[in-house]
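> Task: produce atomic coordinates for the following.
(one chain, ligands or ions: 1)
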Amino acid sequence: MSNVTHNTAPAATGAHTGATMVFVTGGVVSSLGKGVIASSLGRLLQNRGFRITIQKFDPYINVDPGTLNPNEHGECYVTVDGYECDLDLGHYERFTDIKTTRSNSFTTGRIYQEVIDRERKGEYGGKTVQVVPHVTDAIKQNMLRNAQNPDLDFVITEIGGTVGDIEGLPFLEAIRQLKWELGDRAIVVHLAYVPYIAAAGELKTKPTQHSVKQLQSYGIQPDCIVLRSEHPLSADLRRKVASFCNVHPDYVLHSPDVPSIYALPVKMHEEGLGDVILRLAGYSDLASLPVVESHDRWHRFVEMRAAATEELHIGFVGKYDLQDAYKSITESLLIAGVYKGRKVKCHFIDAEKISEDNVAELFSPSYVGEGWGGPCQGYVICPGFGDRGIEGKITAARYLREHDLPTLGICLGMQVMAIEFARNVLGYAAHSTEFVPTTEHPVIDMMEEQKSRVYLGATMRLGAYECELREGSRARATYGKALIAERHRHRYELNSRYVSELEQAGLQCVGQNPQTGLVEIVELPDHRWYLGTQFHPEYGSTVLHPHPLFLAFLGAVLGE
Ligand code: GLN
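Numbering: from 1, shown residues only. So this is what the prediction gives:
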C-alpha cells in the first residue's frame with residue numbers, strides 16, 4: 001500500500017514483522033458461516049486496496065480431508081500446488097481471486113505429524129514433547145508463515161469448529177500467545193449466534209455471552225463480535241452484547257440472512273466490517289483509502305444475480321446427494337449463470353438409480369418427475385471415486401450423447417464419456433481398471449510409474465498441470481488461447497493406446513498435456529456441447545472471473 005500510512009503500534013515483543021493477522025473464531029453452534037465471513041472480510045479489505053490471504057486451521061485429526069467422505073464433509077477442494085483441503089478454501093478463492101496453497105490449510109493431524117516427525121528426528125533434543133509448547137509452537141509457526149510474506153497486508157485465519165470444543169484448544173492457545181506477541185497486529189473476530197425464542201418473543205444474547213466468556217477463559221478477548229441472526233438486531237441488544245463482552249459497541253456487527261452468500265460482502269460492508277478491522281489495525285484516516293474497482297464489480301454482480309430470475313435447470317449425474325459434495329461445480333454454474341442472466345438450479349440425478357429401463361424417461365425433455373418436476377436443460381457427469389453408480393453414469397452418457405443434450409463431463413465424468421464411446425461406438429467391452437482391473441479394453445487405466453506407489457492419495461495427479469488445446473477445437477475457441485493450466489485430482493488416465501481409434505470414430509482428444517501427452521479434454525465437435533475434462537475447471541472459477549468452460553457450456557445450453 002503506497003498511499004497508506006500504517007499507524008499500528010509496534011508489536012509487543014518486536015519479534016515479528018509482517019502482515020496484520022485477523023483470526024475468525026465461531027461460537028454457540030457450528031455452520032454459522034465463518035468461512036463466508038472470513039471470505040467477505042477478505043473481499044472488503046481488497047476493495048480498499050489491501051493484499052490479503054485467508055488460511056484455515058481445522059481441529060480434526062485427518063492429515064488432510066482427501067480421504068473424507070464427501071457426503072459427510074462436503075467436497076475436497078484442491079489448491080494449485082496440489083494440496084487436498086477443506087471446501088472453505090473454495091469460498092476463499094471464489095470471493096477473493098487469491099490462489100491458495102498448502103500453506104493455507106492445516107489440520108490437527110498435519111500439525112501433529114510435523115511435530116512427531118521432528119521428534120523422531122531427534123530435533124527436540126531429548127525433551128518431553130508436549131501440546132504446550134511444542135504443538136502450539138508448531139501451530140504458531142504455520143499461522144505466521146503467510147504473515148511473513150512481504151506482499152501481504154492482512155492474513156485472515158479461520159479456526160474450524162466451535163469455541164469450547166476440546167480439540168480446538170491448542171489453536172486457541174496459539175492465538176492467545178500471538179495476540180500477546182503481535183499486539184495490535186493480531187485481531188480476533190468472534191462469530192456467534194443470537195437465537196429467537198418464539199415462546200418469549202425475544203432474541204437471546206446469553207449463548208453469545210457464554211461463548212465469549214469461554215473465549216475469555218482461554219485468555220482471548222475478541223476485538224469484534226459478529227452476531228449471526230435471522231432477525232434485525234436493535235441498538236440496545238448490540239450495546240448489551242458490547243458491555244457484557246468488553247467490546248466497543250461499534251464493533252458489534254450483525255450478519256443477517258442474505259439471498260445468496262455473495263450478497264454478504266455487500267451487507268458486511270454496510271455493517272462496516274472492513275472499516276472496523278482497519279481501525280483495529282491502526283488505520284485512522286479511512287477516508288483517504290481508495291475504493292478500488294472490484295468494489296463496484298462485486299456490487300454489480302450481486303445486482304445481476306438478483307435480476308436473473310429466469311431459471312436454468314442443470315442435472316447432476318452423480319452419487320452424492322449432498323449439495324456440498326459438488327460445491328465448486330454448483331457455485332461455478334451459479335456464477336456463470338448470473339453472467340448469462342439466468343438463475344441456475346442444480347438437480348441431483350442419482351446415478352445408482354439410472355438404468356436402461358428409465359434413462360429415456362429421466363432425461364427426456366418432457367420429464368415430469370421427482371424433485372422440482374421438470375426436465376433439465378443441460379447435464380454434468382460428476383467426478384467421483386469407486387464403482388458405485390458407474391454403470392448408471394455410463395448409461396446416462398450414452399443417452400445424452402445419442403440425443404445431443406448439452407453435457408459437461410468432469411474428471412470421472414470425462415472418463416465415463418470415453419468408456420461409453422468405446423463401448424457403444426467402437427464396440428469394445430471397455431472399462432476403467434479402477435473398477436474392473438482385468439478389463440479387456442482398459443480405455444481408462446493407471447500409468448505404469450504410478451502403480452508402484454501404495455498409500456492412498458500418493459498416486460494421485462494433484463494440482464495444476466498444463467494443457468495444450470488443439471487449433472480449431474471447441475475447447476480452444478472457449479479458452480481463446482492455446483496453453484492453459486488447470487487443477488487435477490485423479491489417479492487414472494485416458495489410455496493413450498485408444499486415442500487414435502476414439503478420434504477416428506469422432507471423439508476428439510483436443511487437450512493434451514504438453515510434457516506427457518496425457519489426454520486432458522475430449523469433445524464431440526458436431527454436438528451442441530458434449531465435452532469432458534480430465535481436470536477440474538470448477539476449482540478455478542471465481543465470482544469476478546467466471547470460468548470460460550462454464551460460461552460456454554451454459555451458452556450452448558441457451559442455444560447461443
Ligand atoms: N476416480 C477417477 C480417478 O481416480 C476420477 C477421479 C475424479 O473424478 N476426481 O481417476
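
> and Gly272, how many neighbours does it have?
Per other C-beta atoms under 10 Å, the neighbour tally for Gly272 reads 17. Using the backbone N, CA and C atoms, a C-beta is placed for each residue, glycine as well.

> where's it relative to the ligand, distance?
41 Å (C-beta to the nearest ligand atom, to the nearest Å).

> which one is that residue nearest to, not counting chain neighbours?
Closest residue in space to Gly272, ignoring its immediate chain neighbours: Leu253 at 6.7 Å, by C-beta to C-beta, 6 or more residues apart in numbering.

> now that neighbour, what's its secondary structure?
Put simply, Leu253 is strand when judged by DSSP: H, G, I helix; E, B strand; the rest coil.

> cool, and Glu471?
Under three-state DSSP, Glu471 falls in the coil class.

> For the residue nearest to Gly272, give me its contacts.
Leu253 sits next to 224-227, 268, 271-273, 276 when contact means C-beta atoms under 8 Å, 6 or more residues apart in numbering.

> neighbouring contacts of the helix or strand harbouring Leu554?
Here Leu554, judged by DSSP states H and E, is contained in helix 548-557. For helix 548-557, the surrounding residues in contact (C-beta under 8 Å, 6+ apart) are 312, 314, 332-333, 335-337, 339-340, 342, 344, 377-378, 406, 408, 474-475, 478-480, 528-529, 531, 533, 537-538, 541.

> quick revisit: who does the residue nearest to Gly272 form a beta bridge with?
Beta-bridge pairing for Leu253 (DSSP bridges): Val226.

> For it, give its distance to Leu233.
The gap separating Leu253 from Leu233 is 9 Å, by C-beta to C-beta, to the nearest Å.

> Common neighbours of these two, please.
Jointly contacting Leu253 and Leu233 under the rule C-beta under 8 Å, 6+ apart are Leu227.

> Buried residues, stretch 429-448. List them.
For stretch 429-448, burial by neighbour count (16 or more other C-beta atoms under 10 Å) applies to 430-435, 439, 441-446.

> quick one: which of those is nearest Glu303?
Taking C-beta to C-beta as the measure, Glu303 lies nearest Ile444 of the buried residues of stretch 429-448, at 44.0 Å.

> Tell me what the closest one is bridged to.
Counting by DSSP bridges, Ile444 is bridged to Ser432, Leu494.

> ok, it - contacts?
Contacts here follow C-beta under 8 Å, 6+ apart; on that basis Ile444 touches 415, 418-419, 431-434, 492-495.

> Find the closest residue to the ligand in the stretch 151-300 of the chain.
Gly160 (23.5 Å; C-beta to the nearest ligand atom).

> Can you name the residues that contact that residue?
Contacts of Gly160 (C-beta under 8 Å, 6+ apart): 34, 56-60, 86, 168.

> filter those residues to the buried ones?
The neighbour-count test (16+ other C-beta under 10 Å) marks 34, 56-60, 86, 168 as buried among these.

> Point out the ones among those that are inside helices.
Those of the buried ones among the contacts of Gly160 mapping onto helices are Lys34, per DSSP state H.

> just checking, which of the buried ones among the contacts of Gly160 belong to strands?
Of the buried ones among the contacts of Gly160, the ones assigned to strands by DSSP state E are 56-58.

> can I get those residues in a markdown table with pLDDT?
Output for these, formatted as a markdown table (pLDDT from 0 to 100):
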| residue | pLDDT |
| --- | --- |
| Lys56 | 96 |
| Phe57 | 96 |
| Asp58 | 94 |
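
> just checking: which of those also lie near the ligand?
Near the ligand, judged by C-beta under 6 Å from any ligand atom, there are no entries from those.

> want to throw those into CSV with distance to Pro249?
What follows is those, written out as CSV (distance: C-beta to C-beta, whole Å):
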residue, distance to Pro249
Lys56, 30
Phe57, 30
Asp58, 32
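
> Any of the contacts of helix 548-557 buried? List them.
Applying a neighbour-count criterion of 16+ other C-beta under 10 Å, the buried members of the contacts of helix 548-557 are 312, 314, 332-333, 335-337, 339-340, 342, 344, 377-378, 406, 408, 474-475, 478-479, 529, 531, 533, 537-538, 541.

> Among the residues you listed, name the ones in helices.
Those of the buried ones among the contacts of helix 548-557 lying in helices (DSSP H): 332-333, 335-337, 339, 474-475, 478-479.

> between those, which is closest to the ligand?
Relative to the ligand, the closest of those is Ser332; by C-beta to the nearest ligand atom it sits at 15.1 Å.

> hang on, that closest one packs against His545?
No: counting by C-beta atoms under 8 Å, Ser332 stays clear of His545, with 10.9 Å between them.

> near the ligand, which residues of the stretch 451-560 of the chain?
Residues of the stretch 451-560 of the chain found near the ligand (C-beta under 6 Å from any ligand atom) are 489-492.

> measure the residue lying closest to Thr478 once chain neighbours are set aside to Leu334 for me?
Nearest residue to Thr478 in three dimensions, chain neighbours excluded: Ala552, at 4.3 Å (C-beta to C-beta, 6+ apart). Separation of Ala552 from Leu334 (C-beta to C-beta) stands at 16 Å.

> Show me what Ala192 is bridged to.
Here Ala192 shows beta-bridge partners Leu227, assigned using DSSP bridges.

> Spit out the contact partners of it.
Applying C-beta under 8 Å, 6+ apart to Ala192 gives the contacts 26-28, 32, 207-208, 211-212, 225-228.

> Equivalent analysis for Asn62, please.
By C-beta under 8 Å, 6+ apart, the contact set of Asn62 is 68, 107, 109.

> cool, Leu32 as well?
Contacts of Leu32 by C-beta under 8 Å, 6+ apart are 26, 191-193, 228, 255.

> hmm, try it at 10 Å
26, 162, 191-193, 226-228, 255 (C-beta atoms under 10 Å, 6 or more residues apart in numbering).

> Same question for Pro70.
Pro70 is in contact with 76, 87, 318-320, 322, 324-327, 383-385, counting by C-beta under 10 Å, 6+ apart.

> From the residues you listed, which land in helices?
Mapping these onto helices (DSSP H) picks out Lys327.

> what is the rounded mean pLDDT of stretch 271-282?
In this model, stretch 271-282 carries a mean pLDDT of 95.

> next one: it to chain centre, how far?
Its chain's C-alpha centre and that of stretch 271-282 lie 26 Å apart, by C-alpha atoms, centre = their mean, to the nearest Å.

> now swap in stretch 411-425 and tell me
Centroid displacement of stretch 411-425 relative to its chain, using C-alpha atoms, centre = their mean, is 27 Å.

> model confidence over that stretch, on average?
Stretch 411-425 shows a mean pLDDT of 98.
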